[in-house]
Structures are given as C-alpha cells and as structure tokens.
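In: Sequence unavailable; structure follows:
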C-alpha cells in the first residue's frame, strides 16, 4: 500500500509506478521471508544478500556487454545476435569464472554434464 501511494498517487507515474511497486514489493516480501527462514534454519542472512547482489551484477554486466554486439541494421537480427551472445557469455562465464552465481561449483556442473551425456547415449 505504501508503494502504491508513493508511485501512483503522489508521483503519478502510471504504469511505470505500478511496475516499480510490484518489483519493490516482491523484493521486500521475499527478503522478509528469507530473513525468517535463515533465522529458523540458523543460516547467515548476509550470505544470501551478497549472493543476490552478486547475481544481479553478474547478469547486468553481461547484458551491458551484449549491448555492444548489435549492428543496428535490423531489429530482429540484432535481437537474435544479442540473444546468442548473451546466452554464450552466461554459459561460458558461469562455468569458467563464476559458478557461484548458480550456487554450484565446477565439479557439480561436470557431474551433471556427464550424467546428461550418458542419458543421451542410451
């Protein structure tokens, strides 16, 4: 209700305000729930907050890098190229440099790829 009053009634942002209200309400609600879960399970809440920020920075940085691979000639072609580049960069960097973004490590990823490969061979 608080965000609705600010974004919709006071600032009169319309659809943008509604979108911001929805996102902020979800972030607040999820983190309150996460806090109580961490308290009940004796886990460190700060580790999860750090993971949230590192994940956001990781994906935002890759999206920023992807914005430089477009050519501006055709929107559909640019969308396809940026999608392929972003997907490749996420796969490459999450496997080689930052597997913690997906809360895993290289050995778990290798075991999963091996199991998937064995499943395809059957």
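Out: Looks like it arrived, so ask away. The structure presented is a predicted model; accordingly, all values stated were derived computationally and were not measured.

In: just checking, what's the longest helix in the chain?
Out: In the chain, with assignment by DSSP state H, the single longest helix is helix 15-41.

In: Give me the next element, helix or strand, following it.
Out: Per DSSP states H and E, the first helix or strand lying C-terminal to helix 15-41 is helix 45-66.

In: and the angle from that following helix to helix 15-41?
Out: Orientation of helix 45-66 against helix 15-41 (axes from the mean of the first three to the mean of the last three C-alpha atoms, to 10 degrees) gives an angle of 140 degrees.

In: Give the other helices and strands that helix 45-66 contacts.
Out: Of the remaining helices and strands, those touching helix 45-66 by 3 or more C-beta pairs under 8 Å, 6 or more residues apart in numbering; DSSP states H and E are helix 15-41, helix 75-96. In this view, the C-beta of every residue, glycine as well, is placed from N, C-alpha and C.

In: pLDDT below threshold where in this structure?
Out: Low-confidence segments of the chain, defined by pLDDT under 70: none present.

In: Can you give me the domain assignment for it?
Out: The record, using automatic domain parsing to delimit domains, assigns the chain the ranges 1-43, 44-122.

In: what comes up buried for stretch 33-40?
Out: residue 38 (16 or more other C-beta atoms under 10 Å).

In: Now do that stretch: distance to the chain's middle.
Out: Taking C-alpha atoms, centre = their mean, to the nearest Å, one finds stretch 33-40 lying 21 Å from the centre of the chain it belongs to.

In: Turn the helices and strands packed on helix 45-66 into JSON lines, including distance to residue 68.
Out: Below are those laid out as JSON lines (distance: least, C-beta to C-beta, whole Å):
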{"stretch": "helix 15-41", "distance to residue 68": "26"}
{"stretch": "helix 75-96", "distance to residue 68": "9"}
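
In: Quick one: closest of the ones you listed to residue 6.
Out: helix 15-41 (7.9 Å; C-beta to C-beta).

In: The closest one - contacts with which helices or strands?
Out: Helices and strands in packing contact with helix 15-41 are listed as helix 2-4, helix 45-66; criterion 3+ C-beta pairs under 8 Å, 6+ apart.

In: Just put the ones you listed in TSV and tack on mean neighbour count and distance to residue 79.
Out: Compiled in TSV, those are given as follows (neighbours: other C-beta atoms under 10 Å; distance: least, C-beta to C-beta, whole Å):
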stretch	mean neighbour count	distance to residue 79
helix 2-4	13	32
helix 45-66	13	11
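
In: This completes my enquiry, with thanks.
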